[in-house]
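1. coords please:
(chains A and B)
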Protein chains: 2
Amino acid sequence: MLYSANLDSVLEKEEYLCLMEPLRQKIQTLGQLVKSEKIPVIIIFEGWGASGKGSFISDIIENLDPRHFKVYSIDAPTDTEKRMPPLWRFWSRIPSSGQIALFDRSWYYDVSVGKIDNNIDDETADEYINNIRIFERQLTDNGYLVIKLFLHIGKEEQAKRFIKLKSDFSTAWRVVDRDIKRHKKYEAHFKAFDNMLSLTNTDYAPWTVVEANDRKFARVKIFNTIISRVEEMIEKKKQEHSTSEDIPSPKHNVIKMPLISEISLDKSIDPAEYKEILREEQAKLRTLHNIIYQRKIPIIIVYEGWDAAGKGGNIKRIAQALDPRGYEVVPISAPSHVELAHHYMWRFWNNLPKTGHIQIFDRSWYGRVMVERIEKYTPPHIWKLAYNEICEFEKYLYDWGAIIVKFWIHIDKDEQLRRFEHRQNTPEKRWKITDEDWRNREKWEQYEMCCNDMLKYTSTEYAPWTVIESNDKKYARIKAIKTLINAIEERLEREDNLF
Amino acid sequence: MLYSANLDSVLEKEEYLCLMEPLRQKIQTLGQLVKSEKIPVIIIFEGWGASGKGSFISDIIENLDPRHFKVYSIDAPTDTEKRMPPLWRFWSRIPSSGQIALFDRSWYYDVSVGKIDNNIDDETADEYINNIRIFERQLTDNGYLVIKLFLHIGKEEQAKRFIKLKSDFSTAWRVVDRDIKRHKKYEAHFKAFDNMLSLTNTDYAPWTVVEANDRKFARVKIFNTIISRVEEMIEKKKQEHSTSEDIPSPKHNVIKMPLISEISLDKSIDPAEYKEILREEQAKLRTLHNIIYQRKIPIIIVYEGWDAAGKGGNIKRIAQALDPRGYEVVPISAPSHVELAHHYMWRFWNNLPKTGHIQIFDRSWYGRVMVERIEKYTPPHIWKLAYNEICEFEKYLYDWGAIIVKFWIHIDKDEQLRRFEHRQNTPEKRWKITDEDWRNREKWEQYEMCCNDMLKYTSTEYAPWTVIESNDKKYARIKAIKTLINAIEERLEREDNLF
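-> This next block holds a predicted model:
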């Protein structure tokens, strides 16, 4: 894309002023417009050192109300960020609907300047680029507008600008050795940039290369691009969506799962043996927790299941074996106001474990294809995308190094009734049962269907589902803890075999 | 406090079991209780290495519902944390009402183990301790329950425990060189701990020293302490508060301010000269921004003022001169649901600049003594504390190294009416005026009184107020930018004189 850019593009002052005035006026209403249309907007500025990223961002935001935007400046990741998946620091910064986030450098850092600075090999870079494509698709599929600007200047122009910056006392410090080093490798960077642009120039998140040797020309092009992309988006939002009930066939290899109605629930454990077995398994898990902490392996455990299936008690038996400094239980209920205004995965990204830690989700991102589907909180053309998005999310975490264990805690309808009635009739347990539980129970068949779809489309090699038969809670606890232990042991064996 | 502790305290098994069962049952209902009473609870565990902090925390949380608590494990600050005021990482982690936060080590890190590890001198430690006292008082004054447990074991016992940990493969890695080093300096640590405990054993946040040579004795004491402190708190909440209208006299040296009605508003600037002067001042500010960035000086700018006084336009003229990567405008409106459930300063702590950055607050923590006072969102015995709390907050930031500049953007009542009517009659400006603005206008006299109190009690040497006469907006912009430039230049001069 860079080869075809014409760096001689210029605008004469008169023409510039004539074009710029209406653009500036439009930009001034942009914040209001984006807010009233509830569009979350991401604008990223990539490009050469000294190409003017900072001052173009200034040009834009001085026309916006400070309540409508936020600027993020991206550099090498911090210590904390290094203990999280690479895209975490971007996911956690995505804007809410009606907000504009401007990024001075972005998730392209590691595949552009970072690639050459840190000698990242092509294979790693390709994988990263693939993840960027998925990231941007997940954003745009869920209503985000992603505007990507690449500021392009020639080698001579860059040299000229560095010299000018250097010559002024108050700006000289901005030109660091790294910049000069990068300048000397202009050609290598050119190739890397061009490759990156081609591979990530998608229809949902296209690049605009901005010829920036002439600042006036660049400014007009940037303003124009932003305005027209926002206007297009507003047009697009008005379009009708298909309402077909078909779920797109999965793009990931899935493990065949039985229908939950086919699962026999008569499994049980001898109560006399339970305590002893539990103690043994907890001791094993305790030791393994120490090891994964030292090896910095993150673990993600997902609990889904029927109301009153015994998730809480099950989680407790696992938590008892863990060092409290190394795990956290994340209870998921209805999203807050702020969470609702973000991509639905945002709150889960914000709650991922760091390396060596365990995160236990009491309910999870599967709400998207369960309660949100059943209660019609989310339209069909959106929740249907989630099976694939979730697999991509889990694959990404797996590739990062996480162990992912997912439990469906299963009971039958009669057992649920028995437990509801027991709760209702036991004063100190009554707070645990609400009208909503009874309402959900009436939708048992719908939940069953959704559960079958969920198991069918999202059980993968890297993040398999395990159905935990929980009519006998004690049996369920032992099965869950054993499943977790197995998953950890398998990983450790595999790692040991690598050496 | 350590000298009087009896480390021979033990509990026989039978007595222990008999005492423990009812305590365990009470702890199980604690989460529910704290939630229904809406008390934010902080429990900190300090003490010797291997004194059992982790496992006592486990004992407690295994009896709690995961929705009711969070565990934080505190170690040396990260890179990001080092660029913020030392207490920032604790302020950002305080629980919301109805939540329990358990800290494995805490803000005492730097005055206990950290003091000796890092050779922190007594003066620095004393200042830190003073800030801890203020921190804990601000929490408890605003409804927080702070329970502080110090786990005490003898030198021999510690040696025994380290040897035991070392002898087991899965726990050996936990004993690091630092622990052994600390053990060898047991006596020095004993003195430092004892000093720290005495200086921070306040009536609002007292210490409980837990003799932990015998784990059973310790467990009972810990459970007992937590339960009784929560019960006391619930009792205390029922007490009546004084409703006197007097504001306690300030504990800080304040600068005498005029009443705002005495301020002449006929100041103006020649419109012909305005553009030129603005350009010059912006150029100066741009250069200074570079310098403070390099010297890592944080700047906090507060804008308060009448509706339609011109805050937005004033902020814009300052922002235009700044590099967007080095500043942020934080617009403050009504607190969200989550913010309301925290200490009122929490959201401001979460928005502080890092070193070298500029944070511009468009409205601020002064809402506590303005809108919250006038609209009765906060009872008098609480907002009255805020003058002092705010001075403490600003003093802390100043001591950390921040420059603090506070503007009251001032117009008179007639001018406001003109501007409101102009907005009402100009279609593209109509969104800027709401019914609430008209309602606030009716309370002009009340706001005036509150403003006078605010200026009277919170204008200090380290964070002075500047009243900006804004009937002429252009005059106001020049005065604000000049005030900011002066504040920066003064600081730089003072620093230069130090060398």
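2. who touches stretch A:220-240?
-> Residues outside stretch A:220-240 that contact it (Cβ atoms under 8 Å, 6 or more residues apart in numbering or on different chains): A:11, A:16, A:19-20, A:23-24, A:26-27, A:30, A:33-34, A:37, A:39, A:41, A:43, A:56, A:59-60, A:143, A:145, A:147, A:149, A:208, A:210-211. Heads up, the C-betas are built off the backbone N, CA and C, glycines and all.
3. narrow those residues to those that are buried.
-> Among the contacts of stretch A:220-240, those buried by neighbour count (16 or more other Cβ atoms under 10 Å in any protein chain shown) are A:11, A:16, A:19-20, A:23, A:26-27, A:30, A:33-34, A:39, A:41, A:43, A:56, A:59-60, A:145, A:147, A:149, A:208, A:210-211.
4. quick one: residue A:216 is in a helix?
-> Yes - with DSSP: H, G, I helix; E, B strand; the rest coil as the criterion, residue A:216 is part of a helix.
5. contacts only, for it.
-> Contacts here follow Cβ under 8 Å, 6+ apart; on that basis residue A:216 touches A:10, A:11, A:13, A:16, A:20.
6. and residue A:315, by the same measure?
-> A:303, A:329, A:360, A:362, B:66.
7. per-domain residue ranges of chain A.
-> As assigned by automatic domain parsing, chain A contains the domains A:13-237, A:260-498.
8. for residue B:70, which of those is the nearest?
-> Evaluated over the domains of chain A, closeness to residue B:70 peaks at domain A:260-498, with 7.2 Å, by Cβ to Cβ.
9. got the end-to-end distance for the closest one?
-> This stretch, domain A:260-498, spans 37 Å end to end (Cα to Cα, to the nearest Å).
10. sticking with residue A:75, tell me its helix or strand.
-> For residue A:75, there is no host helix or strand (DSSP states H and E).
11. how about it, phi and psi?
-> phi -130, psi -170 (degrees, to the nearest 10).
12. next up, the contacts around the closest residue to it other than its chain neighbours.
-> Of all residues not flanking residue A:75 in the chain, residue A:105 sits nearest, at 7.3 Å (Cβ to Cβ, 6 or more residues apart in numbering or on different chains). Residues counted as contacts of residue A:105 (Cβ under 8 Å, 6+ apart) are A:44, A:45, A:46, A:53, A:73, A:74, A:75, A:113.
13. will you turn the domains of chain A into a markdown table that also has mean pLDDT?
-> Output for the domains of chain A, formatted as a markdown table (pLDDT from 0 to 100):
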| stretch | mean pLDDT |
| --- | --- |
| domain A:13-237 | 93 |
| domain A:260-498 | 95 |
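14. what's the neighbour count on residue A:63?
-> 18 (other Cβ atoms under 10 Å in any protein chain shown).
15. hmm, it is touching residue A:23, no?
-> No - when contacts are counted by Cβ atoms under 8 Å, residue A:63 is not listed as touching residue A:23 (9.5 Å).
16. follow-up on the earlier one: looking at the contacts of residue A:216, spot the one nearest chain B.
-> Of all these, chain B sits closest to residue A:20, with 16.1 Å by Cβ to the nearest Cβ.
17. and the nearest residue to the closest one once chain neighbours are set aside, what helix or strand is that in?
-> Once flanking residues are discounted, residue A:20 sits nearest to residue A:220: 6.2 Å by Cβ to Cβ, 6+ apart. Counting by DSSP H and E, the element that carries residue A:220 is helix A:215-237.
18. may I have that helix as CSV, with CA atoms only?
-> Taking Å, rounded to 0.1, in the frame of the first residue of the first chain, the C-alpha atoms of helix A:215-237 are listed here in CSV:
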residue,chain,number,x,y,z
ARG,A,215,1.0,18.8,6.6
LYS,A,216,-1.9,20.7,5.0
PHE,A,217,-2.6,17.9,2.6
ALA,A,218,-2.4,15.4,5.4
ARG,A,219,-4.7,17.3,7.8
VAL,A,220,-7.4,17.6,5.2
LYS,A,221,-7.2,13.9,4.3
ILE,A,222,-7.4,12.9,8.0
PHE,A,223,-10.4,15.1,8.7
ASN,A,224,-12.1,13.9,5.6
THR,A,225,-11.5,10.3,6.3
ILE,A,226,-12.8,10.5,9.9
ILE,A,227,-15.9,12.4,8.9
SER,A,228,-16.8,10.2,6.0
ARG,A,229,-16.2,7.0,7.9
VAL,A,230,-18.5,8.2,10.7
GLU,A,231,-21.2,9.2,8.2
GLU,A,232,-21.0,5.8,6.5
MET,A,233,-21.3,4.1,9.8
ILE,A,234,-24.5,6.0,10.6
GLU,A,235,-25.9,5.0,7.2
LYS,A,236,-24.9,1.4,7.8
LYS,A,237,-26.6,1.3,11.2
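19. gap between that helix and the chain center?
-> When distances are taken as Cα atoms, centre = their mean, to the nearest Å, helix A:215-237 is centred 26 Å away from the chain's centroid.
20. mind listing what's buried in that helix?
-> A:215-223, A:225-227, A:229-230, A:233.
21. how about the strands of chain A, start to end?
-> Here chain A has its strands, by DSSP state E, at A:41-47, A:69-73, A:100-104, A:145-152, A:207-211, A:299-305, A:327-331, A:358-362, A:403-410, A:465-469.
22. now these in CSV, with distance to residue B:133?
-> Shown next, in CSV, are those (distance: least, Cβ to Cβ, whole Å):
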stretch, distance to residue B:133
strand A:41-47, 44
strand A:69-73, 35
strand A:100-104, 40
strand A:145-152, 49
strand A:207-211, 55
strand A:299-305, 40
strand A:327-331, 30
strand A:358-362, 35
strand A:403-410, 44
strand A:465-469, 50
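23. residues contacting the closest residue to residue A:58 other than its chain neighbours?
-> Nearest in space to residue A:58, with sequence neighbours left out and distances taken as Cβ to Cβ, 6+ apart, is residue B:324 at 5.1 Å. With contact taken as Cβ under 8 Å, 6+ apart, residue B:324 is in contact with A:54, A:57, A:58, A:61, A:71, A:73, A:102, A:104.
24. distance of residue A:215 from chain B?
-> Note on residue A:215: its distance to chain B, by Cβ to the nearest Cβ, to the nearest Å, is 16 Å.
25. now swap in residue A:495 and tell me
-> Distance from residue A:495 to chain B, by Cβ to the nearest Cβ: 17 Å.
26. then residue A:406?
-> Distance from residue A:406 to chain B, by Cβ to the nearest Cβ: 18 Å.
27. equivalent analysis for residue A:444, please.
-> Taking Cβ to the nearest Cβ as the measure, residue A:444 and chain B are separated by 25 Å.
28. that residue reaches residue A:413, doesn't it?
-> Yes - in this structure, residue A:444 is within contact of residue A:413 by Cβ under 8 Å, at 5.5 Å.
29. so which of those two has more stuff around it?
-> Remark: of residue A:444 and residue A:413, residue A:444 carries more neighbours, 14 against 11, as counted by other Cβ under 10 Å.
30. closest residue of the stretch 301-450 of chain A to chain B?
-> For the stretch 301-450 of chain A, Cβ to the nearest Cβ, closest residue to chain B: residue A:329, 3.3 Å.
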